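Enquirer: Quick check, what structure comes out for this input:
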Amino acid sequence: MKNEEILRHIDHTQLKAFATWEDIKKLCEEAIEYQTASVCVPPTYIKRIHDTYGEKINICTVIGFPLGYSVTAAKEVEAKEAIKEGASEIDMVVNISDVKNGLFDNVEEEIRTIKKACGSHILKVIIETCYLNEEEKIALCKAVTAAGADYIKTSTGFGTGGATMEDVKLFKANIGADVKIKAAGGVKTREDLEAFLNEGCDRIGTSSAVGILKGGKAENY
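Expert: Residues are numbered from 1 along each chain as shown. Model prediction:
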């Protein structure tokens, strides 16, 4: 798989609490140079990125992040504000407490509410697989599909575990035809990148892809 093919599926990510503007600029300039799918950044940087780089870059951000237990109204405001400031894609964390309590109707309704707030913009739903059993994962595949979200995403990268091939296979067997898959958390090598893409992931969230791949020949990008 050529570098350029891998990179167009990468959400080039910097979500550390202590990320500086210099860190974010580096991320954005790499994303532009290597033509990644997006940059995934903290909401506080959306407007500054948009003002600095304009349409050169596709901005993704996170809401209800990383723990998911914000109330729905807060997530809705976050999503609307992010889009207003220039984000094109929203990665939301489900209410994991509701999941563990079996309140899947509530989870589905929250996802539906955030998708409505996003409108035509992409919504990715982070279910944080490391905290879930198989039954809960399958129920969330169904909730994400029914609520009309665009992607189901494995992990925040801040939990106790990240993406696994087993979870991607489980998603494929249980999501609707219009739902895509994003793997995130622990995707650290070229072999990982290729394996997840070959298994059917449309996006990979990682801070490592550009660093892994940019040592290759320039013509491969």
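Enquirer: give the contact list for residue 124.
Expert: 60, 89, 90, 91, 92, 149, 150, 151, 152, 153, 182, 203 (CB atoms under 8 Å, 6 or more residues apart in numbering). Where C-beta positions appear, they are placed from N, C-alpha and C, glycine not excepted.
Enquirer: how many neighbours does the closest residue to residue 195 other than its chain neighbours have?
Expert: Excluding the flanking residues, the one nearest residue 195 by CB to CB, 6 or more residues apart in numbering is residue 165, at 6.7 Å. Neighbourhood size, residue 165 [other CB atoms under 10 Å]: 14.
Enquirer: Correct me if wrong: residue 165 contacts residue 197.
Expert: No. Between residue 165 and residue 197 no contact is recorded; they are 11.6 Å apart, counting by CB atoms under 8 Å.
Enquirer: Tell me how far the residue nearest to residue 195 lies from residue 173.
Expert: 13 Å (CB to CB, to the nearest Å).
Enquirer: what's the host helix or strand of residue 112 packed up against?
Expert: Assigned by DSSP states H and E, residue 112 belongs to helix 104-118. Applying 3 or more CB pairs under 8 Å, 6 or more residues apart in numbering; DSSP states H and E, one finds that helix 104-118 makes contact with helix 72-85, strand 89-93, helix 96-100, strand 122-126, helix 134-146.
Enquirer: lowest average confidence, helix or strand, in this structure?
Expert: In the chain, the helix or strand scored least confidently by mean pLDDT, DSSP states H and E is helix 209-213, which has a mean of 92.
Enquirer: so who does residue 62 touch?
Expert: Residue 62 neighbours (CB under 8 Å, 6+ apart): 15, 40, 42, 43, 90, 91, 92, 93, 126, 156.
Enquirer: What's the PyMOL syntax to select whichever of the residues you listed are buried?
Expert: Only the buried entries of the contacts of residue 62 go into this PyMOL selection, using 16 or more other CB atoms under 10 Å:
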select buried, resi 15+40+43+90+91+92+93+126+156
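Enquirer: Can you give me the buried ones in the helix holding residue 112?
Expert: Neighbour count says helix 104-118 has 104, 106-115, 117-118 buried, by 16+ other CB under 10 Å.
Enquirer: Confirm residue 181 sits in a helix?
Expert: No. Counting by DSSP: H, G, I helix; E, B strand; the rest coil, residue 181 is located in no helix; its state is strand.
Enquirer: Can you name the residues that contact it?
Expert: 151, 152, 153, 154, 168, 171, 172, 175, 200, 201, 202, 203 are the contacts of residue 181 under CB under 8 Å, 6+ apart.
Enquirer: Assign residue 19 to helix, strand or coil.
Expert: coil.
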